[in-house]
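J.: Below are the sequence and a predicted model; questions follow.
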Amino acid sequence: MTYELYYWPTIQGRGEFVRLALEEAGAPYMDVARTKDGVDAMMKWLEAPGASYAPPFLKAGDLIIGQTTNILLFLGARHDLAPQDEAGRLRTNQLQLTIADVVSEAHDTHHPIGMGQYYEDQKPESKRRAKEFRAERIPKYFRYFERALEGNRWLVGDRLTYADLSLFQLVEGLRYAFPRTMKKLEKDYPSIVDLHDRVQHRPNIAAYLKSERRIDFNEDGIFRHYPELEGAA
Ligand SMILES: N[C@@H](CCC(=O)N[C@@H](CS)C(=O)NCC(=O)O)C(=O)O
């Protein structure tokens with residue numbers, strides 16, 4: 001079966017967490033919105049009762065699964081990207097939900113007032129929000145992930161899970177959005193950096209990162225680089 005992933009075609013965004021899991025698993029999938037008429041197909045599904053209120057969503061046979069973390073819960077079980085025991089499954093899900101929290105906060109640094117408004121119309125608030133995110137929130141979350149990795153190669157158990165793939169992506173996104181901040185901060189989180197590097201070099205992930213399937217970060221996505229949000233004039 002070929003999975004159908006539905007997500008915005010020009011950004012990594014939340015869809016990237018799903019793409020990474022599919023790529024690591026070597027699962028056949030179509031990135032539907034990147035194909036001809038694919039965005040129209042996606043919009044149709046968004047209007048269908050019970051499908052999903054927003055991308056990403058995944059079609060797996062007759063199933064339509066929405067919410068990034070829910071999609072990963074499904075793929076983790078199907079493709080051995082999560083432990084099978086209850087405690088391990090819940091722990092992986094918890095870590096993924098925490099990563100989703102950071103992703104939302106990263107988004108809010110450039111859209112603190114309203115998603116439907118231009119960044120340019122919420123710049124002063126963005127600067128205040130980004131300042132707190134850089135100074136307080138990234139370190140708080142990173143302390144938590146670093147502790148989870150203390151004495152462990154992977155976040156959960158002794159094998160890679162989708163939460164590890166997502167932590168890799170979080171580091172990638174934050175490095176893109178806040179390069180100076182990350183440069184200063186990373187030395188305090190050696191286990192996170194080590195995990196990032198090991199994920200980056202996994203054969204399927206390395207091949208994916210080099211491929212055209214990996215979209216470059218840009219200022220339409222969730223992780224955006226605006227120098228003024230790092231304190232530049
Ligand atoms: N909690 C949802 C958030 C989904 C979401 O916000 N998707 C964005 C793109 S990353 C979107 O298209 N939102 C449109 C909307 O909320 O109206 C998830 O993790 O999948």
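T.: Received the coordinates, thanks.
J.: helix, strand or coil for the residue nearest to residue 97 when sequence neighbours are not counted?
T.: With sequence-adjacent residues excluded and distances taken as Cβ to Cβ, 6 or more residues apart in numbering, residue 97 is closest to residue 69, at 5.5 Å. Yep, even glycine has a C-beta here, placed from its N, CA and C like the rest. Secondary structure assignment for residue 69 (DSSP: H, G, I helix; E, B strand; the rest coil): helix.
J.: residues in contact with the longest helix along the chain?
T.: Secondary structure of the chain read by DSSP state H shows that its longest helix is helix 86-110. Residues outside helix 86-110 that contact it (Cβ atoms under 8 Å, 6 or more residues apart in numbering): 14, 17, 68-69, 72-73, 76-77, 82-83, 119, 126, 129-130, 133, 137-138, 141, 144-145, 148, 155-157, 161-163, 166-167, 170, 173-174, 177, 222-224, 226, 229.
J.: where does the residue nearest to residue 97 sit relative to the ligand, distance-wise?
T.: Distance, residue 69 to the ligand, by Cβ to the nearest ligand atom, to the nearest Å: 6 Å.
J.: And the pLDDT at that residue?
T.: For residue 69, the pLDDT comes out at 98.
J.: contacting residues for it?
T.: 93, 96-97, 100.
J.: Kindly write the ChimeraX command that selects the buried subset of these.
T.: Restricted to buried positions by 16 or more other Cβ atoms under 10 Å, the ChimeraX selection for these reads:
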select :93,96,100
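J.: So which of the contacts of residue 69 would count as near the ligand as well?
T.: residue 100 (Cβ under 6 Å from any ligand atom).
J.: Would you mark the buried spots in the longest helix of the chain?
T.: 88-89, 91-93, 95-96, 98-100, 102-103, 105-110.
J.: The contacts of residue 69 into CSV, with extra columns for pLDDT?
T.: Below are these laid out as CSV (pLDDT from 0 to 100):
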residue, pLDDT
93, 98
96, 98
97, 98
100, 98
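J.: got the residue ranges for the helices in this structure?
T.: 15-25, 38-47, 68-78, 86-110, 123-132, 138-149, 162-177, 179-185, 190-200, 203-210.
J.: got a markdown table for those, with distance to residue 62 too?
T.: Formatted as a markdown table, the helices of the chain follow (distance: least, Cβ to Cβ, whole Å):
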| stretch | distance to residue 62 |
| --- | --- |
| helix 15-25 | 19 |
| helix 38-47 | 13 |
| helix 68-78 | 13 |
| helix 86-110 | 23 |
| helix 123-132 | 41 |
| helix 138-149 | 36 |
| helix 162-177 | 23 |
| helix 179-185 | 42 |
| helix 190-200 | 32 |
| helix 203-210 | 27 |
